[in-house]
Each structure stands twice: as C-alpha cells, then as structure tokens.
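Colleague: what would the 3D arrangement of this be:
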Amino acid sequence: MNINIKEATISQAASESMDAFLNVIVNAFKTQVGEELNSESMQKLNADQITLWGYCMLRDELMDGGFVQLIYNGYGPFFFDNPFAKAMRLWGLHDFSKLLYKAKGIYDEHKEDLTKERSDEEFMALFEQYPAFDDLDDAFVEDEEQITAAIAYYVDEHIADFVTVEQ
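Modeller: The predicted model follows:
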C-alpha cells in the first residue's frame with residue numbers, strides 16, 4: 001500500500017527532531033492501515049514499513065521496561081522469531097543487531113517462563129530472575145539516540161521505501 005505524506009509535514013517533523021521525523025512516518029502508517037501493528041495491518045505494509053513501525057514499538061518498550069517488559073507484553077515472537085535483527089543489520093546497525101541476537105538467545109532459552117501469565121508482583125520478580133537482560137537494557141538506553149539517528153538516516157536515504165512524499 002502506498003502511504004502518502006505531505007512534504008511540508010515531513011520537512012517540519014525532520015526540522016524538529018529525528019524522533020518527530022520517524023513518528024510522523026509511523027503515524028501516517030497508523031492513519032492509513034490501522035492504529036495497531038498486527039497481521040491485518042502488516043498485510044498492507046512492506047517489510048521496511050513493518051520494520052520501522054516495529055523499531056518504534058521496540059524502542060518504546062525498551063525505554064519503559066527493558067527486554068523483560070517487551071517479552072512479557074507479547075512482543076517476543078515479533079522481534080525474535082522474525083528477521084528483525086537481520087533487518088537492522090541490513091540497515092547498517094550492526095552493533096544493535098548483535099544486541100538483539102543476544103537478547104534472542106536469552107529469550108529462546110527461557111521463552112516459556114518469560115511469557116507465562118503472572119501477577120504484577122511475579123512480573124516484577126522477572127527483572128531479578130533474568131539479570132542477563134540488564135546489560136542489554138543498559139546498552140540500548142545508552143545507545144538509543146545513536147540507534148534512532150541511524151534509523152532516521154536510513155529512512156531519509158530510502159524514503160520512497162517507506163512513504164510517497166506529496167507536494
């Protein structure tokens with residue numbers, strides 16, 4: 001599906017920040033295919049569009065509660081059972097891709113335990129039970145600005161793969 005966005009809208013967002021630039025693109029996706037990234041909306045998007053929307057979801061989850069929260073909230077299969085880390089590598093984010101593969105290793109080894117229903121107290125205990133995610137969470141938080149900047153640069157350089165810019 002063609003996702004259309006006005007040049008003035010994208011230029012204004014880009015002048016504000018890289019986050020605003022990415023958000024205006026993802027918001028255009030949401031407006032045109034639905035508010036949620038799910039199997040129905042993904043059928044209307046190409047792989048790059050899905051990957052960008054996925055990154056924004058991943059960033060929000062990791063900044064809020066790290067990999068434990070990301071997995072517990074049901075996003076493990078999307079990020080670890082699909083070629084998301086490979087897409088990041090192909091977009092030039094080699095170190096971020098390696099970080100994702102490390103998280104995938106922990107996820108794969110403990111998937112059953114990380115994804116079972118829990119009380120809030122039991123969920124909070126997961127952070128203590130899986131300290132291996134701590135270093136990965138910290139690395140992402142430290143590098144988030146550079147990662148997001150690299151993704152914004154990639155999107156800008158390949159804008160036609162994401163949206164159709166209209167006058």
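Colleague: could you check the helix or strand hosting Asn23 and say which residues are buried?
Modeller: Assessed by DSSP states H and E, Asn23 sits inside helix 18-33. Neighbour counts using 16 or more other Cβ atoms under 10 Å place 18, 21-22, 24-26, 28-29, 32-33 of helix 18-33 among the buried residues. Backbone N, C-alpha and C define where each C-beta goes, glycine included.
Colleague: can you name the element that comes right after the lowest-mean-pLDDT helix or strand in the chain?
Modeller: The helix or strand of the chain with the poorest confidence is helix 39-42; it has a mean of 92 (mean pLDDT, DSSP states H and E). Toward the C-terminus, helix 39-42 is succeeded by helix 47-70 as the next helix or strand (DSSP H and E).
Colleague: for that following helix, what is the average pLDDT?
Modeller: Taken as a whole, helix 47-70 has an average pLDDT of 96.
Colleague: quick one: mean pLDDT over the biggest helix by length in the chain.
Modeller: For the chain, the longest helix by residue count, based on DSSP state H, is helix 132-157. Here helix 132-157 scores 97 as its mean pLDDT.
Colleague: ok, and the closest non-adjacent residue to the residue positioned nearest the centre of the chain?
Modeller: What sits nearest the mean C-alpha location of the chain, by Cα atoms, centre = their mean, is Tyr55, with 1.7 Å. In space, and not counting its chain neighbours, Tyr55 is closest to Ile151: 5.8 Å by Cβ to Cβ, 6 or more residues apart in numbering.
Colleague: the one you found touches Gly92, doesn't it?
Modeller: No. If you go by Cβ atoms under 8 Å, Ile151 and Gly92 don't touch, sitting 9.2 Å apart.
Colleague: comparing those two, which shows the higher neighbour count?
Modeller: Ile151 (23 against 13; other Cβ atoms under 10 Å).
Colleague: alright, I will stop here.
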